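[1] sharing a model prediction with you, sequence too.
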Amino acid sequence: MHTKPGFNLRDVCGEKLMLAEGIENINFSRLIRFNETSAYLWESIKDKEFTVEDLTTLLTERYDVEREQAFADASGLAKKWIESGIVEE
């Protein structure tokens, strides 16, 4: 997987929001809010190839979470990112 070019995480009034930039993303009409954890993961993988396993490792390295739970959370987040169009397989 990789992040789709033109999507950038910005801090807007204390909220982490995904903004589409560039003509190729002109049809992006959603506003995606990130919590602290998803923002950390996004910043860690932006512009890189990554897997759900990579996200899992990032979660277990930073947070006190069991690997199985981290994998389930990472899988769900990756699926949401793909469905929203900000990540491509």
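    Sure thing, it's come through. Numbers count the residues shown, from 1 in each chain.

[2] can you give me how far the worst-scoring helix or strand of the chain on mean pLDDT is from the chain middle?
    Ranked by mean pLDDT, DSSP states H and E, the weakest helix or strand in the chain is strand 15-20, scoring a mean of 84. Taking Cα atoms, centre = their mean, to the nearest Å, the mean C-alpha location of strand 15-20 is offset from the chain mean by 11 Å.

[3] ok, stretch 31-38 next?
    Between the centre of stretch 31-38 and the centre of its chain there are 8 Å (Cα atoms, centre = their mean).

[4] list the contacts of that stretch.
    Residues from elsewhere that reach stretch 31-38, judged by Cβ atoms under 8 Å, 6 or more residues apart in numbering: 9, 15-18, 42, 59, 63, 77, 84, 86. The C-beta positions use only the backbone N, C-alpha and C, and glycine is treated the same way.

[5] can you check stretch 8-27 too?
    For stretch 8-27, contacts defined as Cβ under 8 Å, 6+ apart pick out 4-7, 28, 31-36, 38-39, 42-43, 46, 86.

[6] kindly report the same for stretch 39-54.
    1-3, 5, 9, 16, 18, 34, 55, 58-59, 62, 71, 74-75, 77-78.
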